[in-house]
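In: Here's a sequence, model it:
(4 chains)
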2 protein chains.
Amino acid sequence: MTDSPRRRGRPGHDQGAVLAAAVRLFNARGYEATSMGDLAEELGITKSSIYHHVSSKQDLLRMAVDHALDGLQEAADEAAAMPAPPVERLELLIRRSVLVLADRLEFVTLLLRVRGNNGVEKEALNRRRILDAQVTELVKQSQLDGDLRADVDPATAARLMFGMVNSLAEWYRPRRGGATALADAVVTMAFEGLRTRKV
Amino acid sequence: MTDSPRRRGRPGHDQGAVLAAAVRLFNARGYEATSMGDLAEELGITKSSIYHHVSSKQDLLRMAVDHALDGLQEAADEAAAMPAPPVERLELLIRRSVLVLADRLEFVTLLLRVRGNNGVEKEALNRRRILDAQVTELVKQSQLDGDLRADVDPATAARLMFGMVNSLAEWYRPRRGGATALADAVVTMAFEGLRTRKV
DNA sequence: GTCTATATTTTGATAGAC
DNA sequence: GTCTATCAAAATATAGAC
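Out: Numbers count the residues shown, from 1 in each chain, chains lettered A, B, ... in the order given. Okay, here's the model as predicted:
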């Protein structure tokens, strides 16, 4: 269990190591602003060596955003499969999304900065749109059930909720148990609001 | 009032026109991914001509983010000068910030994408941090007054609130009166929450 | 798995004419 | 205010040796 194949001695870098370094640099300097030379320097190898592990710079971007999207998709599927009212499935989706964001922080951060400037980015935006629609639908159903206030447009509510969730990528830094507490804070604010109830 | 100086005939482009086109492109493709050649093509002039209006690419970025930051700073100053309890000053700050974001949408959008990759960006991040601290302080005071729930960390609450506000840059598109309605939605969600009150 | 060497393109910016 | 011409640096990527 400890040793996976192709992991003896010190055989130089593998694709995972290259990807991890790339994602770190892409987030720090921006995808476009990061050159393959920068990445090579970070890894301590030459530019050409990188092309032994990946076929292009876009390939690195694709692997990274796919990892983020797969995690978020799992969260959405899990919430959809839950045998409970929409408002509870929505809460679960928010909590799970916060946990995925915390767990795959660097990958999700990169995903959230994608703007559709190339084929890889366009495809990522498409997958994000599908997830977005699922959230909006949950809000809509919750309003029909009378569980969420109907005076806020469902799409707007969904976007504001995930505006909060996604903003975590800008400032959250891993701490023990921090993600669960953060999920609580997001759910509290989204569902109950911050104002104290009149005594 | 209608004619400002230096605006007769058709004397080619001025700095404002170059800046507007630059901000549009920076948002669409990213600052680093946009070349001075792209900008020249967008304007229908050559690269060299751009340097008649601005001294560098960073200069364009600096003018853009300063315009955004000046607007947000005004909103914060106005809220701070309001003779009212902290919780009301906080609500005003949120509303004013939404309106500034809507009014200077492209400039604020660019500002929010800045990561500190050069001197201009570092300076912008510094000014943002100061604004952030002002919001956190308002939340803290509101909690001490018993107006906001004390079981959420003030800095976290402030970041989540402005996570919502800032997320508008990702999807808000101008409509008549839309910004005020949006400010209502943000304030409602942040202060009252989306869940319906028990009858 | 990493290297040197190289091809090709694009970049931000300047000089100086009109 | 815009142009042509030009530059030096940096970019992504490939070929082929070790």
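
In: When you work out contacts or count neighbours from here on, use the C-alpha atoms and nothing else.
Out: Fine.

In: tell me the domain ranges of chain A?
Out: A:12-54, A:57-191 (automatic domain parsing).

In: The ones you listed: which one's closest to chain B?
Out: For chain B, the closest of the domains of chain A is domain A:57-191, at 4.4 Å, according to C-alpha to the nearest C-alpha.

In: What's the mean pLDDT across the closest one?
Out: In this model, domain A:57-191 has an average pLDDT of 97.

In: So the closest residue to A:Y172 other than its chain neighbours versus DNA strand D, what's the distance?
Out: Of all residues not flanking A:Y172 in the chain, A:A102 sits nearest, at 7.6 Å (C-alpha to C-alpha, 6 or more residues apart in numbering or on different chains). Using C-alpha to the nearest atom of the strand, to the nearest Å, we find A:A102 at a distance of 28 Å from DNA strand D.

In: residues near A:A102, how many?
Out: 24 (other C-alpha atoms under 10 Å in any protein chain shown).

In: Likewise for the one 5 residues further on?
Out: Residues lying near A:F107 (other C-alpha under 10 Å) number 27.

In: same deal with A:E91?
Out: If we define neighbours as other C-alpha under 10 Å, then A:E91 has 20 of them.

In: quick one: contacts for it?
Out: A:V187 (C-alpha atoms under 8 Å, 6 or more residues apart in numbering or on different chains).

In: in what helix or strand does it lie?
Out: Following DSSP states H and E, one finds A:E91 within helix A:86-103.

In: hmm, who's touching the helix or strand that comes right after that helix?
Out: Downstream of helix A:86-103, the next assigned helix or strand under DSSP H and E is helix A:105-112. With contacts defined as C-alpha under 8 Å, 6+ apart, helix A:105-112 is touched by A:23-24, A:26-27, A:64-65, A:67-69, A:101, A:124, A:166, A:169-170.

In: How about A:L39, nearest residue that isn't a chain neighbour?
Out: Spatially, and ignoring its direct neighbours in sequence, A:L39 is nearest to A:A22 (6.2 Å; C-alpha to C-alpha, 6+ apart).

In: how far away is the one you found from DNA strand D?
Out: Taken as C-alpha to the nearest atom of the strand, the span from A:A22 to DNA strand D is 11 Å.

In: again with A:A79
Out: Taken as C-alpha to the nearest atom of the strand, the span from A:A79 to DNA strand D is 38 Å.

In: Using the three-state scheme, assign that residue.
Out: Classification of A:A79 by DSSP: H, G, I helix; E, B strand; the rest coil places it in helix.

In: returning to what we had before: mind exporting the helix holding A:E91 as PDB, just the C-alpha atoms?
Out: Once non-C-alpha atoms are left out, helix A:86-103 reads as follows in PDB (Å, rounded to 0.1, in the frame of the first residue of the first chain):
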ATOM      1  CA  PRO A  86     -34.500  20.300  -1.700                       C
ATOM      2  CA  VAL A  87     -33.500  22.800   1.000                       C
ATOM      3  CA  GLU A  88     -31.600  20.000   2.800                       C
ATOM      4  CA  ARG A  89     -29.900  18.800  -0.400                       C
ATOM      5  CA  LEU A  90     -28.900  22.500  -1.100                       C
ATOM      6  CA  GLU A  91     -27.400  22.800   2.400                       C
ATOM      7  CA  LEU A  92     -25.400  19.500   1.800                       C
ATOM      8  CA  LEU A  93     -24.200  20.700  -1.600                       C
ATOM      9  CA  ILE A  94     -22.900  23.900   0.000                       C
ATOM     10  CA  ARG A  95     -21.100  22.100   2.800                       C
ATOM     11  CA  ARG A  96     -19.700  19.500   0.400                       C
ATOM     12  CA  SER A  97     -18.500  22.200  -2.000                       C
ATOM     13  CA  VAL A  98     -16.700  24.000   0.800                       C
ATOM     14  CA  LEU A  99     -15.000  20.800   1.800                       C
ATOM     15  CA  VAL A 100     -14.000  20.100  -1.800                       C
ATOM     16  CA  LEU A 101     -12.700  23.600  -2.200                       C
ATOM     17  CA  ALA A 102     -10.600  23.300   1.000                       C
ATOM     18  CA  ASP A 103      -9.400  19.800   0.000                       C
END
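
In: same for the longest helix along chain A, what does it pack against?
Out: With residue count as the measure and DSSP state H as the assignment, chain A has helix A:119-144 as its longest helix. Applying 3 or more C-alpha pairs under 8 Å, 6 or more residues apart in numbering or on different chains; DSSP states H and E, we find helix A:119-144 packed against helix A:57-80, helix A:86-103, helix A:154-171.

In: what would those helices look like in a markdown table with distance to B:R128?
Out: Output for those, formatted as a markdown table (distance: least, C-alpha to C-alpha, whole Å):
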| stretch | distance to B:R128 |
| --- | --- |
| helix A:57-80 | 28 |
| helix A:86-103 | 24 |
| helix A:154-171 | 13 |
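
In: if I pick the residue in chain A that chain B sits nearest to, what's in contact with it?
Out: With C-alpha to the nearest C-alpha, the shortest gap between chain A and chain B falls at A:G193, namely 3.7 Å. Applying C-alpha under 8 Å, 6+ apart to A:G193 gives the contacts B:T188, B:M189, B:A190, B:F191, B:E192, B:G193, B:L194.
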